[in-house]
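> Quick one, fold the following:
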Amino acid sequence: MNVQLRLPGIVGGLGPAAHIEFEKRLLAEGERRGAHCDQDHISWVLVSATNVPERTEALLAHETRDATSELAAAAARLVRAGADFAAVPCNTAHALGDAVMARVPLPWLDLIDVTTDELAKRVPRGARVLVLETTGTMQTGLYRERLTNAGFEAVEFEPDSAAQAGVMRAIFDAEFGIKATGTRVDPRALALAAGAILQAGEVACAIAGCTELSIAFNVPNDVPLQILDPLDVLAAATYDVALGLRPLPPLTAAAHR
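Residues are numbered from 1 along each chain as shown. Predicted coordinates:
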């Protein structure tokens, strides 16, 4: 095992089940790299910032001040804990990354960038790639912009379509949505997420562009399509930065584009 040089800080609570799932992926990444005991895994610090207002609601309402302020407060706690960079297992929160980094000098490892880089290793340029995402993430164009710049055709559902409504219910439904049930994936949520894929037409793969969907697709399913999971990619990138195999990310997401 390489010597750890940098300490990751995780902004969790967005939602809580997603950061727990991310920590599981970090442990799996450590095992993949040869970890056999506690001391073989990298160290990290985490703040569960469940007080951050719902990012999708904030973006759709064009009122992001409170969400940005709470994310910045979480980042400041990580800095006080000694973190050198942040891993944020929430796709939608990355729309606020620049604003948060302008307040707190803790660089974010960009989830959308590392996912796009990994996609380029797996899928030919020019391929059609389905992005399963919240309507808030869709509105920001986070994946659309990055995928287009990388030479892919981003496929997104119309915001008012039945397919997008199914994705949103799988995530947010008060009875069976993944945010409501925690680490347990209700079959109805998985059926809605998987069913949306079938409405996308011919695509090369799908990106689980919401970390709650990462939880859903981590259970046995019959999805007839390759799923690229940003949480797996983020775990590998977090390890690389922590071990000095990848440079620290810049203090602005815009620097990646």
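> which secondary element of the protein has the worst mean pLDDT?
Within the chain, no helix or strand scores below helix 187-198, which has a mean of 92 by mean pLDDT, DSSP states H and E.
> can you list the residues that contact that one?
130, 132, 157, 163-164, 166-167, 169-171, 173, 176-178, 181, 206, 213, 216-217, 219, 221-225 (CB atoms under 8 Å, 6 or more residues apart in numbering). (Each C-beta comes from the backbone N, C-alpha and C, glycine too.)
> Got the domain ranges for this structure?
The chain breaks down by automatic domain parsing into domains covering 8-110+232-256, 112-229.
> need these in a markdown table with mean neighbour count, can you?
Shown next, in a markdown table, are those (neighbours: other CB atoms under 10 Å):
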| stretch | mean neighbour count |
| --- | --- |
| domain 8-110+232-256 | 19 |
| domain 112-229 | 19 |
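> Just send those back as TSV, with distance to residue 2 too.
Conversion of those to TSV gives the following (distance: least, CB to CB, whole Å):
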stretch	distance to residue 2
domain 8-110+232-256	4
domain 112-229	19
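> roughly how far is the helix or strand following the least confident helix or strand of the chain from the heart of the chain?
Using DSSP states H and E, the helix or strand that follows helix 187-198 in sequence is strand 205-208. Mean-position distance between strand 205-208 and its chain equals 12 Å (CA atoms, centre = their mean, to the nearest Å).
> name the helices or strands packed onto the following helix or strand past strand 205-208?
On the C-terminal side of strand 205-208, the closest following helix or strand by DSSP H and E is helix 211-216. Helix 211-216 sits against helix 16-32, helix 162-172, helix 178-181, helix 187-198, helix 230-242, with contacts defined as 3 or more CB pairs under 8 Å, 6 or more residues apart in numbering; DSSP states H and E.
> Paired strands for the helix or strand that helix 211-216 is followed by, with orientation please.
The helix or strand immediately downstream of helix 211-216 is strand 227-228, counting by DSSP H and E. Neighbouring strands of strand 227-228 in its sheet, by DSSP bridges, are strand 205-208 (parallel).
> Model confidence score at residue 29, please.
Listed pLDDT for residue 29 reads 98.
> Kindly apply the preceding question to residue 13 instead.
So, for residue 13, pLDDT stands at 97.
> which residues touch it?
Residue 13 neighbours (CB under 8 Å, 6+ apart): 19, 47-52, 74.
> Mind checking which of these are in strands?
Mapping the contacts of residue 13 onto strands (DSSP state E) picks out 47-48.
> Give the closest residue to residue 161 in space, chain neighbours not counted.
residue 199 (8.0 Å; CB to CB, 6 or more residues apart in numbering).
> ok, residue 117 to residue 84 distance?
21 Å (CB to CB, to the nearest Å).
> er, residue 241 I mean
8 Å.
> hey, what's in contact with both of those two?
Contacts common to residue 241 and residue 84, judged by CB under 8 Å, 6+ apart, are 6, 8, 248.
> and which of the residues you listed is nearest residue 63?
Relative to residue 63, the closest of these is residue 8; by CB to CB it sits at 30.1 Å.
> The closest one reaches residue 238, doesn't it?
Yes. With contact defined as CB atoms under 8 Å, residue 8 counts as touching residue 238 (5.1 Å).
> Quick check: neighbours shared by these two?
What both residue 8 and residue 238 touch, as defined by CB under 8 Å, 6+ apart, is the set 42, 44, 87, 109.
> Among the residues you listed, which pair sits farthest apart?
Maximum distance among the shared contacts of residue 8 and residue 238 (CB to CB): 13.3 Å, for 42 and 109.
> Now the common contact residues for those two.
Residues touching both residue 42 and residue 109 by CB under 8 Å, 6+ apart: 8, 238.
> in the stretch 1-150 of the chain, which spans are strands?
In the stretch 1-150 of the chain, the strands defined using DSSP state E, counting those that start in this stretch lie at 8-12, 45-48, 85-87, 108-109, 128-132.
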